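K.L.:
okay, structure incoming, though there's no sequence with it:
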């Protein structure tokens with residue numbers, strides 16, 4: 001699938017901002033086995049005083065911007081063309097057993113960005129929680145194929161939790177969303193990650209986009225027309241990381257576009273940094289994910 005993705009993020013400030021130093025994670029990058037980025041553009045209004053481009057440890061594209069002129073609003077617009085071609089989902093029943101994955105994750109010596117060790121432990125936004133771990137454990141007997149267990153847990157979360165925008169905030173910890181059994185895609189993903197890590201299984205957080213136009217005759221997927229979140233479960237050194245979307249109870253496929261990968265939301269926040277101002281601000285985000293119809297050559 002070829003997509004044109006447009007995102008507009010607008011901050012409106014109650015009082016003028018005199019200085020800002022921010023980092024943006026709003027640029028998709030090539031992800032082997034999932035997507036290739038054909039083009040990308042970033043527009044800022046007002047324009048930044050300085051812009052620096054780079055990548056973080058996990059390979060996410062980052063833009064550091066400085067604004068030293070007074071402004072009462074900031075509009076960040078991105079446009080990307082992305083070719084998504086996901087690798088087929090592995091045979092779940094043929095993946096390593098849960099106990100084998102636990103053991104092999106601890107035996108890996110690699111420390112690079114794809115290493116399972118980064119998804120094994122508690123992180124800034126995802127603490128381990130005994131209640132979450134206990135609830136997830138019934139899907140993960142030691143001698144069950146790990147991806148088969150992960151798919152079951154994904155469905156259990158989607159069935160047990162209510163998708164309710166406004167029920168949580170971006171800072172809501174997983175144990176609160178779990179206690180209320182409601183939230184948005186970020187909560188669904190972080191609850192599942194907390195449970196997997198509590199069971200000794202590597203899991204990491206993914207932010208991105210979800211196709212806004214459903215297949216004909218199918219219901220519209222929740223999380224569309226906005227940034228979306230899901231997770232990846234490490235299924236052993238041969239299979240690697242497999243994307244699971246508990247909000248919609250589907251394995252990640254050609255409708256998912258990856259923006260950033262990290263240990264939790266704190267690693268992939270689209271906009272972060274410091275501003276010098278007083279008063280509150282309002283945030284508005286608009287996203288369009290449009291499949292591109294290519295005209296065959298004559």
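P.N.:
Structure's in. What do you need? In this text the structure is predicted, and so the values were computed from the model without any measurement. Numbers count the residues shown, from 1 in each chain.
K.L.:
how close does the residue lying closest to residue 100 once chain neighbours are set aside sit to residue 98?
P.N.:
Spatial nearest neighbour of residue 100, excluding adjacent residues (C-beta to C-beta, 6 or more residues apart in numbering): residue 236 at 6.9 Å. The way it works is simple: take the backbone N, C-alpha and C, and place the C-beta from them, glycine included. As judged by C-beta to C-beta, to the nearest Å, residue 236 and residue 98 stand 11 Å apart.
K.L.:
which strand or helix spans residue 41?
P.N.:
For residue 41, the host element (DSSP states H and E) is strand 35-45.
K.L.:
nope, residue 190 is what I was after
P.N.:
With DSSP H and E as the test, residue 190 turns up in helix 185-198.
K.L.:
and residue 259, how many neighbours does it have?
P.N.:
25 (other C-beta atoms under 10 Å).
K.L.:
just checking, it touches residue 205?
P.N.:
No. Look at residue 259 against residue 205 with C-beta atoms under 8 Å: they stay out of range, at 11.2 Å.
K.L.:
please enumerate the shared neighbours of these two.
P.N.:
Taking C-beta atoms under 8 Å, 6 or more residues apart in numbering as the criterion, residue 259 and residue 205 both touch residue 268.
K.L.:
quick one, what contacts residue 31?
P.N.:
residue 258.
K.L.:
out of everything not next to it in sequence, what's closest to residue 115?
P.N.:
With C-beta to C-beta, 6+ apart as the measure, residue 108 is the residue that lies nearest to residue 115, at 6.1 Å, once sequence neighbours are left out.
K.L.:
tell me the strands beside the following helix or strand past the helix holding residue 190, with direction?
P.N.:
Remark: after helix 185-198, the chain's next helix or strand is strand 203-210, criterion DSSP H and E. Paired strands of strand 203-210, with direction, are strand 227-234 (antiparallel), strand 256-262 (antiparallel) (DSSP bridges).
K.L.:
now do residue 293: how many residues are near it, please.
P.N.:
Residue 293: 6 surrounding residues under other C-beta under 10 Å.
K.L.:
what's the pLDDT at it?
P.N.:
Looking at residue 293, its pLDDT reads 72.
K.L.:
if I look at it, how far off is residue 102?
P.N.:
Per C-beta to C-beta, residue 293 is found 46 Å from residue 102.
K.L.:
give the contact list for residue 8.
P.N.:
Going by C-beta under 8 Å, 6+ apart, residue 8 touches 75, 76, 77, 284, 285, 286.
K.L.:
where in the stretch 1-150 of the chain is pLDDT low?
P.N.:
Within the stretch 1-150 of the chain, not a single segment meets pLDDT under 70.
K.L.:
if we use 90, what do you get?
P.N.:
Low-confidence segments of the stretch 1-150 of the chain, defined by pLDDT under 90: 1, 87.
K.L.:
I'd like to know how far the spatially closest residue to residue 58 that is not a sequence neighbour sits from residue 205.
P.N.:
Sequence neighbours aside, residue 113 is the residue nearest to residue 58 in space, at 4.7 Å (criterion: C-beta to C-beta, 6+ apart). The gap separating residue 113 from residue 205 is 13 Å, by C-beta to C-beta.
K.L.:
comparing those two, which residue is more hemmed in?
P.N.:
residue 205 (26 against 15).
K.L.:
ok, that one touching residue 262?
P.N.:
Yes. Applying C-beta under 8 Å, one finds residue 205 in contact with residue 262, separated by 5.6 Å.
K.L.:
what's the overlap in contacts for the two?
P.N.:
Here residue 205 and residue 262 have residue 268 as joint contacts, going by C-beta under 8 Å, 6+ apart.
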